[in-house]
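Undergrad: would you be able to build a 3D model of this:
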Amino acid sequence: MEPIAVITGADRGLGFALCEKLLEKGWRVFAGQYMPSWPQLAGLSERYPEKLHVILLDVSFDESVKAAAMQVSSIVNHLDMLINNAGIISPYNELDIREQLNYEDMHRIYDVNALGPIRTVGAFLPLMDNGRLKRLCFVSSEAGSIGACTRKAWYGYCMSKAALNMAVKIIFNRLRPEGYTFRLYHPGWMRTYMWGEKNYEADMEPEEAAVYALQYFLSGTPYAEGDIHIDEDRLVLRDYRLNEWPW
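TA: A predicted model of the protein is given here:
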């Protein structure tokens, strides 16, 4: 039976690269699309018309997430892996505490980065319950680590990722006894479009980052490449080199 995954924020960057890599491995993929005008998913659909399903998905809206879950459930009766990748950043990150912070923008970031994954897990849980892997993956960031924080700004983004880490811990406490396994992940600094234009100063292309990410996301499953030992009963935040980050 073919493995099945849902990926949020799949229009471009890491999400798109994860879709492409899983399709190459023979997975059926449901790609959450936020920007229908962005052409990459359409091109990938032409290459994998039977394996790739593009679904409209805005993780900041309950109805959008529920509609996406219903659409997926009309096609398949289970999911094996859910990758919560959708995330946004802010043009107001550098605002200092002595300036007027943009609280509306911080709410927007929190809704996508912290609440979005909770909405998504909740909506897709019935399908995940029927899956064989029960693997929940979350793209977080080193910016969510309180213990390693040296920044003096970036309030909205850092706080949203710290909140995401706590949400994953709570979900872990609830669902780990039911056989779910978790991957909480910092993907590194990628050449993506999170700032509107592609950042060529970053360390690696999304395609390279996706290889690292899938090595970790698929570890401990029949689809793993390499031999990575993970203690499934201990939730940790790891980066693409598998280094552990403090909470």
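Undergrad: quick one: Pro82 is in a strand?
TA: Not Pro; residue 82 is Leu. Yes - assignment of Leu82 by DSSP: H, G, I helix; E, B strand; the rest coil places it within a strand.
Undergrad: report the separation between it and Gly131.
TA: 9 Å (Cβ to Cβ, to the nearest Å). To be clear about C-beta, it is placed using only N, CA and C from the backbone, and glycine gets the same treatment.
Undergrad: so which of these two has more stuff around it?
TA: Leu82 (28 against 21; other Cβ atoms under 10 Å).
Undergrad: just give the nearest non-adjacent residue to the more buried one, would you?
TA: Val6 (5.1 Å; Cβ to Cβ, 6 or more residues apart in numbering).
Undergrad: before we move on, what SS does the one you found have?
TA: Assigned state for Val6: strand (three-state reduction, three-state DSSP).
Undergrad: could I get the pLDDT score of it?
TA: pLDDT recorded at Val6 is 98.
Undergrad: in this structure it contacts Gly32, no?
TA: Yes - the pair Val6 / Gly32 is scored as a contact, 6.8 Å apart, by Cβ atoms under 8 Å.
Undergrad: list the contacts of the most centrally placed residue in the chain.
TA: Nearest to the mean C-alpha position of the chain, by Cα atoms, centre = their mean, lies Asn85 at 1.9 Å. By Cβ atoms under 8 Å, 6 or more residues apart in numbering, the contact list for Asn85 reads Ile7, Thr8, Gly9, Ala10, Leu14, Gly15, Leu18, Val139.
Undergrad: the strands in this structure, which residues?
TA: With DSSP state E as the criterion, the chain has strands at 4-7, 28-33, 52-56, 81-84, 135-139, 181-186, 237-239, 244-245.
Undergrad: want to throw the contacts of Asn85 into a markdown table with distance to Met159?
TA: Formatted as a markdown table, those follow (distance: Cβ to Cβ, whole Å):
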| residue | distance to Met159 |
| --- | --- |
| Ile7 | 25 |
| Thr8 | 20 |
| Gly9 | 19 |
| Ala10 | 25 |
| Leu14 | 21 |
| Gly15 | 22 |
| Leu18 | 25 |
| Val139 | 17 |
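Undergrad: can you select the buried ones among those for me in PyMOL?
TA: If you want just the buried ones from those in PyMOL, going by 16 or more other Cβ atoms under 10 Å, the selection is:
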select buried, resi 7+8+9+10+14+15+18+139
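Undergrad: so, low pLDDT: which residues of the protein?
TA: 195 (pLDDT under 70).
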